[in-house]
Each structure stands twice: as C-alpha cells, then as structure tokens.
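*Asks:* build me a model from this:
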Amino acid sequence: MLKIYHNNRCSKSRQCLALIPTEGVEIIDYIKKPVTAAELNALIQKIGITPIELVRKGEVIWKENYKGKELTDAEVIDAMVANPKLIERPIVETSAKAMVCRPPELVLEVLNRQ
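*Replies:* Take a look at the predicted model:
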C-alpha cells in the first residue's frame, strides 16, 4: 500500500508524484478531499513528528490567524483540517511509515523500504 497526499498546485508535490509509479498508488488530493483530524493524527504519528512540525508556517493563512499564538496539538490539527493548505507536502505513506518528501527525492527512500 502506498499513498501520496498531494496538492497539484505544489511543484514539489508534482515532482514527487513524477518519481513514483502510479499503478497501485492511492493519490489523495487533500485540498479537494480534506483529511480528518483522526487521519491527520495517524499520519503525524507515522511520520514521528509533532503537529506543529507539519504546518506550512509561511502560508498567509497561518501568518494572519495563528502565528505567535500558543496552540495545543489539537488546535494545530484543527487549523490544518480547516485549512488544508497549511499541511506540509507531499506526504508519502506506506502501511508502516509516512514521510514528508521534501525534497521530493526522499520518496525513493520510502520506495526502497517497502
């Protein structure tokens, strides 16, 4: 099982997708079909990071609404669920692990571990 959480407007996400065989890969456009808080929590655990580490802090939405505020992990996750653009991308997930593939070539490490 291989999933990629993908934003087609992101060049890094498109580059990552171009590096993997698409047959048998589930491509999740999380902008069109947002992830739930439970799905995001599971991804964060698989990646092995805290929720704030998955946030794109350069996004205008973050700067205008969240920057400088002390947020709980649940509040950070709620912000990403409400504003999927805040989720760092691309994320590649296998049954055992997930990884933010920045740079996109990191996806090759995920493929080699399968």
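
*Asks:* where do the strands sit along this protein?
*Replies:* Assigned by DSSP state E, the chain shows strands spanning 2-6, 25-29, 91-94, 98-100.

*Asks:* sketch out the low-pLDDT regions of this structure for me.
*Replies:* Residues of the chain that meet the criterion pLDDT under 70 lie in 113-114.

*Asks:* what ranges does it have for its helices?
*Replies:* 11-19, 37-47, 60-65, 73-82, 107-113 (DSSP state H).

*Asks:* would TSV of those helices with mean neighbour count be doable?
*Replies:* Using the backbone N, CA and C atoms, a C-beta is placed for each residue, glycine as well. Listed next are those as TSV, based on neighbours: other CB atoms under 10 Å:
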stretch	mean neighbour count
helix 11-19	16
helix 37-47	16
helix 60-65	12
helix 73-82	17
helix 107-113	14
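
*Asks:* count the neighbours of residue 6 for me.
*Replies:* Residues lying near residue 6 (other CB atoms under 10 Å) number 23.

*Asks:* let me see the contact set for it.
*Replies:* By CB atoms under 8 Å, 6 or more residues apart in numbering, the residues touching residue 6 are 13, 16-17, 27-30, 89-90.

*Asks:* between these, which sits nearest residue 55?
*Replies:* Nearest to residue 55 among the contacts of residue 6, counting by CB to CB, is residue 89 at 11.5 Å.

*Asks:* that closest one: how many residues sit nearby?
*Replies:* Residue 89 has 23 nearby residues by other CB under 10 Å.

*Asks:* list the contacts of it.
*Replies:* So residue 89 contacts 5-7, 10, 12-13, 30, 56, 100, 102 (CB under 8 Å, 6+ apart).

*Asks:* in a markdown table: the strands of the chain, plus distance to residue 45.
*Replies:* Formatted as a markdown table, the strands of the chain follow (distance: least, CB to CB, whole Å):
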| stretch | distance to residue 45 |
| --- | --- |
| strand 2-6 | 15 |
| strand 25-29 | 17 |
| strand 91-94 | 11 |
| strand 98-100 | 9 |
